[in-house]
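Asker: kindly return the folded structure for what I paste below:
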Amino acid sequence: MMASSYSAKEEDGHHSGSAAAGGPGAGKSRKPDNTAFKQQRLPAWQPILTAGTVLPAFFVIGLIFIPIGIGLFVTSNNIKEFEIDYTGDELSSPCYKCSQTYSWNDSCKCSVPFSLDQPFESNVFMYYGLSNFYQNHRRYVKSRDDSQLNGDKSSLTNPSKECDPYRISDKKPIAPCGAIANSLFNDTLELYYIYPNGTKTFIPLVKKGIAWWTDKHVKFRNPAGNNDNLTITFKDTAKPVNWHKPVYELDPTDLENNGFINEDFIVWMRTAALPTFRKLYRIIQKNKDNLTPTLPRGNYSLEIAYNYPVRSFDGRKRMILSTISWMGGKNPFLGIAYITVGSVCFFLGVVLLVIHHKYGNRSNNADIPN
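Answerer: Sure thing, here's the model as predicted:
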């Protein structure tokens with residue numbers, strides 16, 4: 001057996017003469033260079049946890065998190081929200097007859113009465129909600145052509161293969177293609193206030209401003225050319241299989257809200273992460289006089305054009321009315337999480353303080369030699 005040895009110069013990263021001159025050991029050494037990084041001699045900092053540092057940290061976290069959590073929780077509770085399910089799976093439901101169809105092409109109307117026990121101030125946001133609808137499915141999420149939605153003409157006539165089987169219809173390219181666009185939510189919701197004498201008045205619903213600005217002006221664009229005549233632009237394309245009308249006729253009352261920049265379409269194309277979700281449908285703006293609430297307490301009627309079938313996937317449909325605050329919509333989880341973390345930290349601080357006060361002196365005395 002041979003014992004390997006090296007001199008002090010080798011320790012400093014210098015090799016012996018034989019190795020340097022091309023001897024047997026030349027080029028075979030696996031010894032790392034004698035540097036602070038490779039020899040793991042870099043300076044390091046390690047916290048020393050003592051009662052004097054840990055206990056104040058617990059108390060500070062508790063005293064900060066608990067008030068923040070209370071503020072978030074109170075703010076969330078002050079947001080008014082009303083939800084009504086209009087799936088119509090029960091025989092007594094006004095929409096029961098409409099819910100029995102599985103077809104996307106049959107329109108049925110139903111009316112769901114409800115009442116508000118308290119007025120809704122400021123702007124009110126109307127959402128539609130779906131349950132048991134997995135928009136986060138991998139193949140569903142990929143089933144779209146972003147180049148086509150961005151107005152690329154070549155993608156308009158030759159969509160991405162990711163859109164299959166909703167890519168070609170009647171030997172024409174589908175615009176917009178893909179499963180997401182094909183399953184566009186197409187129920188129509190209208191809201192009426194019922195006066196005590198029984199007469200009804202329509203509540204104006206604003207459909208502009210419901211989509212993200214970046215989606216409306218960056219990600220989604222209509223193909224250029226033809227003097228913005230969308231009928232000519234989309235003449236060589238086919239509508240999605242489940243749609244009642246082509247993309248350039250989505251909003252007959254507003255020509256600037258058609259095609260790929262239709263805001264209802266843009267909102268739907270932003271897929272949800274969970275199977276139970278809500279999407280913004282309309283905005284009920286505050287009255288200009290600022291004296292009467294946006295939605296006073298009383299009786300209302302929700303008029304529904306029931307087009308979207310949900311029985312095939314055991315889904316549910318609902319309409320939500322909600323106000324918002326500086327933190328967004330109603331969500332008590334964040335406040336509860338802050339209160340919980342703050343309370344746990346404060347409790348641990350108290351427990352550790354008692355333990356330190358009771359046993360700390362005993363440990364210090366044990367360290368002192370006789």
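Asker: return the set of buried residues in the helix ranked longest in the chain.
Answerer: Across the chain, the helix with the greatest residue count (assigned by DSSP state H) is helix 333-367. For helix 333-367, burial by neighbour count (16 or more other C-beta atoms under 10 Å) applies to Leu334, Gly335, Tyr338, Ile339, Val341, Gly342, Cys345, Phe346, Leu348, Gly349, Leu353, His356. Where you see a C-beta, it was placed from the backbone N, CA and C, and this is true even at glycine.
Asker: wait, which of those residues is closest to Trp243?
Answerer: Top of the list for closeness to Trp243, among the buried residues of helix 333-367 and by C-beta to C-beta, is Leu334 at 38.3 Å.
Asker: and for that closest one, nearest residue in space, chain neighbours not counted?
Answerer: If the residues on either side of it in the chain are set aside, Leu334 comes closest to Leu72, at 5.2 Å by C-beta to C-beta, 6 or more residues apart in numbering.
Asker: in a helix, that neighbour, correct?
Answerer: Yes: in this structure, Leu72 lies within a helix as judged by DSSP: H, G, I helix; E, B strand; the rest coil.
Asker: can you get me a residue count around it?
Answerer: 21 (other C-beta atoms under 10 Å).
Asker: pull up the gap between it and Phe120, please.
Answerer: Plainly put, Leu72 is 21 Å away from Phe120 if you go by C-beta to C-beta, to the nearest Å.
Asker: and stretch 148-167, end to end?
Answerer: When the termini of stretch 148-167 are compared using C-alpha to C-alpha, to the nearest Å, they are 12 Å apart.
Asker: buried sites along it?
Answerer: Taking 16+ other C-beta under 10 Å as the basis for neighbour counts, the residues of stretch 148-167 that come out buried are Gln148, Leu149, Gly151, Asp152, Ser155, Leu156, Pro159, Ser160, Glu162, Cys163, Tyr166, Arg167.
Asker: same question, stretch 45-64
Answerer: Under 16+ other C-beta under 10 Å, the buried positions of stretch 45-64 are Val54, Leu55, Phe58, Phe59, Ile61, Gly62.
Asker: next up, the contacts around Arg270.
Answerer: Taking C-beta atoms under 8 Å, 6 or more residues apart in numbering, we find Arg270 in contact with Trp212, Asp215, Lys279.
Asker: let's see 7 Å
Answerer: Residues touching Arg270, when contacts are defined by C-beta atoms under 7 Å, 6 or more residues apart in numbering, comprise Asp215.
Asker: how close does it sit to Ser131?
Answerer: 18 Å.
Asker: likewise for Ser155?
Answerer: The span separating Ser155 from Ser131 equals 33 Å under the rule C-beta to C-beta.
Asker: now Leu205
Answerer: When distance is defined by C-beta to C-beta, Leu205 is 23 Å away from Ser131.
Asker: for the protein, what helix or strand is lowest in average pLDDT?
Answerer: In the chain, no helix or strand scores lower on mean pLDDT, DSSP states H and E than helix 8-11, which sits at a mean of 43.
Asker: all strands for this protein, in order.
Answerer: Taking DSSP state E to define them, one finds strands in the chain at 81-85, 108-116, 124-131, 168-169, 172-173, 188-194, 200-202, 277-284, 298-306, 316-322.
Asker: right, and those strands - which one's nearest Lys219?
Answerer: Distances from Lys219 to each of the strands of the chain were compared using C-beta to C-beta; the shortest belongs to strand 277-284, at 16.3 Å.
Asker: gap between that closest one and the chain center?
Answerer: 14 Å (C-alpha atoms, centre = their mean, to the nearest Å).
Asker: go on, stretch 151-169?
Answerer: Distance of stretch 151-169 from its chain centroid, counting by C-alpha atoms, centre = their mean, is 26 Å.
Asker: go through the buried residues of stretch 45-64 and name the one nearest His244.
Answerer: Proximity of the buried residues of stretch 45-64 to His244 was ranked by C-beta to C-beta; the top entry is Ile61 with 55.9 Å.
Asker: so what's the closest one closest to, chain neighbours aside?
Answerer: Sequence neighbours aside, Cys345 is the residue nearest to Ile61 in space, at 4.3 Å (criterion: C-beta to C-beta, 6+ apart).
Asker: so who does the one you found touch?
Answerer: Residues touching Cys345, when contacts are defined by C-beta under 7 Å, 6+ apart, comprise Phe58, Ile61, Gly62, Phe65.
Asker: again, 8 Å this time
Answerer: The contact partners of Cys345, taken as C-beta under 8 Å, 6+ apart, are Phe58, Phe59, Ile61, Gly62, Phe65.
Asker: shouldn't the fourth one be in contact with Phe346?
Answerer: Yes: with contact defined as C-beta atoms under 8 Å, Gly62 counts as touching Phe346 (3.0 Å).
Asker: all the helices of the stretch 101-250 of the chain, residue numbers only.
Answerer: Along the stretch 101-250 of the chain, the stretches classed as helices by DSSP state H, counting those that start in this stretch are 138-142, 146-149, 153-157, 179-182, 213-214, 230-233.
Asker: how about those in a markdown table, adding distance to Lys80 and mean pLDDT?
Answerer: Compiled in a markdown table, those are given as follows (distance: least, C-beta to C-beta, whole Å; pLDDT from 0 to 100):
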| stretch | distance to Lys80 | mean pLDDT |
| --- | --- | --- |
| helix 138-142 | 33 | 94 |
| helix 146-149 | 36 | 93 |
| helix 153-157 | 44 | 90 |
| helix 179-182 | 32 | 95 |
| helix 213-214 | 26 | 93 |
| helix 230-233 | 40 | 88 |
